[in-house]
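Participant: Okay, here's the prediction I keep looking at, along with the sequence it came from:
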Amino acid sequence: MLKNIQEWILLLGVFGIIAIIGNWIGYDILPVSALPGMIVLVLICLSGFILRDLIPINFPSIAYISIIGVLVSMPWMPGSEKVVEWTSQVELLALATPILAYAGIAIGRSWTDFTKLGWKTIIVATFVMVGTFIGSALIAEVILRVQGII
């Protein structure tokens, strides 16, 4: 388990550094301001990973992470004001970018598995992406017209 913890710390550290840089570039939040919040988020994630391995129930780590995150930010918890203050300095999109990049790399590394799905999967995926884009564009168009912005 110690080896897993070391790998998790390394992975979460890399994600944290990339997210802090993205936070700085995209939202003009200095890394010094975002660092306490990032440390809190990394510790919450690490705690969730450890709990998943320690507790013998088949429960995903994201559920443990969510429960811990909610608990430490509840108003009745000691220090929750600081946790909320620190984590509010880390923007969601700055966190999502390195995670989505990692997911893309993971999918890209398994092209052989992807090709086993067949050509029908590529057609369905294309229609899903195009449909999502057109649907989002239509909804935005309607709402912006109703508000008189365009």
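Facilitator: Perfect, I can see it now.

Participant: Now for the chain, the helix or strand with the poorest mean pLDDT.
Facilitator: Counting by mean pLDDT, DSSP states H and E, the chain has its least confident helix or strand at helix 111-116, which shows a mean of 68.

Participant: buried residues in the very next helix or strand once past that helix?
Facilitator: Downstream of helix 111-116, the next assigned helix or strand under DSSP states H and E is helix 119-146. For helix 119-146, a neighbour-count test (16 or more other C-beta atoms under 10 Å) marks nothing as buried. No exception for glycine: its C-beta is placed from N, CA and C like everyone else's.

Participant: What is helix 119-146 packed up against?
Facilitator: Here helix 119-146 touches no other helix or strand, going by 3 or more C-beta pairs under 8 Å, 6 or more residues apart in numbering; DSSP states H and E.

Participant: dump the residue contacts of residue 41.
Facilitator: Contacts for residue 41 (C-beta atoms under 8 Å, 6 or more residues apart in numbering) come out as 16, 87, 90, 95.

Participant: so which strand or helix has it?
Facilitator: Assessed by DSSP H and E, residue 41 sits inside helix 31-54.

Participant: tell me, what residue is most central in the chain?
Facilitator: residue 96 (4.2 Å; C-alpha atoms, centre = their mean).
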